[in-house]
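Student: This is the structure alone, sequence omitted:
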């Protein structure tokens, strides 16, 4: 059979690896359609999956036609209005956090109408909800979605994020239903059916994790019970088989904790749950230390949420036995980052969090999992419909405390060895693997998709009989919606994100794409221009084969692996990708939060060529500017830039003046000590970028010291200790 998966973004495939591999093994064709590859990491994961699965293909979903902007905007507004009306249901009365967020998504006019309907009680709300659904159902799938589905001609179209606000994936499900194509909805996460939007077009099959989600699908999403099937949670299959990649001692050395002490892992939450967790975590650590006992000097590891990292910039917890790692979070999208995540939980004696899926993953690793029902997080804990499952009396697995003192007492019990296995197992059997802990979900998903493909083709669904009349009546509203959609675009200057993506897309249309040369300082070239080119080719299929990099002879070796060709160039060449795109926004790139910089750059470890005809000691430290650390050294100042790069690549690290050699060492995976008395704003930002983004393996560590500190150290044994 041929399946078309509609995805929000490529990173989503990491949760369905087992499903895709099994489909490929069974001889099925799979095509993935997604919006944008927002980062090089996400695109790399997609490429790796395509290499593993020979029958898997992928491309971007088509863009909406500009001439349909009015209908697109009106459809979005009606959908957001309908999504918000669900939160007027009495079942959301205690879920005030969800209700507030849902109502905030809707247009102001929809909230006013909703307030009037709510005065009529549940019947008034139900009538308004039914009317909004009927209006939305009268709108046909846009032409671009119909053409895409018809061109792919799948046996089954599978949606994975059908509950997004405004539900853009509804376009493709509706297009499939209009064309008589079978459809399925694979519920992606544990909270999708309760805290986002509505399923509008009823798929032929709805695949949920457990009986709890089935009830949500029927009662909250109004889906027919006979179309809902249980599979377990495919996103967690790999957790049941994982093994650590580090010993306890190796892990402690990596994260900066003292070995031999129990580790309490705090897993941070997304921004909606805890927009600023830092003050709470400080109070939490203080409460642990005040409790004493094993908690007095236990190791505390704080793992920032990968999409809520801005708050952690420059934070010092002020505790000798507490560490933040990875410093600015790490999205577990590839093998290395996922292993880091698993090892963090595996080596912990207990795990603590507010409201995060990491609390489910910790149960699979069979660690005691704790939470504090803090008043400041009430709206995003007890004020939701999904979190209470984790603390349910009959199957919840969390050790929940109302106060920090109560929490510390429970946590110390876990460190002393209180058995958590039974409570973890009962939760997993109810929530993650309802068919048994030894029964993975991926085969169940594949069985259901194969059964869906074997069903008779559905009759094409043309929508409500009065659809044509409704669309005629809505035409004036669509015209006004077009003006509303255009106004913000006219008034708002394009963001750097949009500018860079637009320039890359425009350049990628050419048969040959030239880039460079970068003629500003070398540090900027290493930290911004090279990572930008890596990002551009990683997120733009086919660009690498057509990209020709132009660079100064001195820096040409740095570009190994980027583009199809690299040539030395001189000023005056007019490339399609101008370095000015990056050089002109350097401060903005460095000063914005982590996600912004990571979306527009892709840091990769450099590889130095072998020194040609240069005799070197077996072990040495590369130096510059007259620095003289202990041990054997080789002075880079006497070599041409290309040779100095090769020598640096064979060294144990670098000690010398602040500048390009220090950053080259870090990008080569070597420690570096840079000597500088004062750093201007540009250099200060550059150091922060290096220490924030390049502080984890496989990169080296950068340390900046003043000349006085270097002089006081004599031959620099202190500042060069890491080397």
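Tutor: Sure, I can see it. It should be emphasised that the depicted structure is a prediction, and the values quoted were computed from it without experimental measurement. Numbers count the residues shown, from 1 in each chain.
Student: pLDDT of the lengthiest helix in the chain, averaged?
Tutor: Across the chain, the longest stretch assigned as helix under DSSP state H is helix 467-491. The average of the pLDDT scores along helix 467-491 is 77.
Student: and it, how far out from the chain's middle?
Tutor: Between the centre of helix 467-491 and the centre of its host chain there is 34 Å, according to Cα atoms, centre = their mean, to the nearest Å.
Student: Could you list every helix and strand in contact with it?
Tutor: Counting by 3 or more Cβ pairs under 8 Å, 6 or more residues apart in numbering; DSSP states H and E, the packing neighbours recorded for helix 467-491 are helix 69-85, helix 121-137. Every residue, glycine included, has its C-beta placed from N, CA and C.
Student: for the ones you listed, which one sits closest to residue 55?
Tutor: helix 69-85 (33.3 Å; Cβ to Cβ).
Student: Identify the residue nearest residue 385 in space, chain neighbours excluded?
Tutor: residue 194 (4.1 Å; Cβ to Cβ, 6 or more residues apart in numbering).
Student: ok, that neighbour touching residue 219?
Tutor: No - between residue 194 and residue 219 no contact is recorded; they are 10.2 Å apart, counting by Cβ atoms under 8 Å.
Student: of those two, who's got more company?
Tutor: When residue 194 is set against residue 219 and neighbours are counted by other Cβ atoms under 10 Å, the residue ahead is residue 194, at 22 against 13.
Student: Quick check: pLDDT value at the more buried one.
Tutor: Model confidence at residue 194, given as pLDDT, is 90.
Student: And for the one 3 residues further on?
Tutor: Taken from the predicted model, the pLDDT recorded for residue 197 is 87.
Student: For it, give me its contacts.
Tutor: With Cβ atoms under 8 Å, 6 or more residues apart in numbering as the criterion, the residues that contact residue 197 are 79-80, 82-83, 163-167.
Student: Which one of those residues is nearest to residue 700?
Tutor: Out of the contacts of residue 197, the member with the shortest distance to residue 700 (by Cβ to Cβ) is residue 164, at 40.4 Å.
Student: That closest one touches residue 195, doesn't it?
Tutor: No - with contacts counted by Cβ under 8 Å, residue 164 stays clear of residue 195, the gap being 11.5 Å.
Student: of the two, who's got more company?
Tutor: Counting neighbours by other Cβ under 10 Å for residue 164 and for residue 195 shows that residue 195 has the greater number, 22 against 16.
Student: and that one, what element?
Tutor: When secondary structure is defined by DSSP states H and E, residue 195 falls outside every helix and strand.
Student: i'd like the first residue to be 31 from this point on
Tutor: In the new count, where the first residue is 31, that last one comes out as residue 225.
Student: end-to-end on stretch 655-666?
Tutor: Length of stretch 655-666, first residue to last, Cα to Cα, to the nearest Å: 9 Å.
Student: Next, the buried residues of it.
Tutor: For stretch 655-666, the buried set under the neighbour-count rule, 16 or more other Cβ atoms under 10 Å, comprises 655, 657, 659, 663-666.
Student: what about that stretch, average pLDDT?
Tutor: In this model, stretch 655-666 carries a mean pLDDT of 86.
Student: now swap in stretch 697-709 and tell me
Tutor: Mean pLDDT, taken over the full extent of stretch 697-709, equals 89.
Student: Please apply the same query to stretch 723-734.
Tutor: Model confidence over stretch 723-734, given as mean pLDDT, is 80.
Student: Quick one: residues contacting residue 107.
Tutor: The contact partners of residue 107, by Cβ under 8 Å, 6+ apart, come to 137, 140, 511.
Student: by contact count, what packs against the helix or strand hosting the second one?
Tutor: With the criterion set as DSSP H and E, the secondary-structure element containing residue 140 is helix 138-148. The helices and strands touching helix 138-148, judged by 3+ Cβ pairs under 8 Å, 6+ apart, are helix 99-115, helix 151-167.
Student: Which stretch among the ones you listed is buried most, on average?
Tutor: With neighbours defined as mean count of other Cβ atoms under 10 Å, the helices and strands packed on helix 138-148 peak in mean count at helix 99-115, which reaches a mean of 22.
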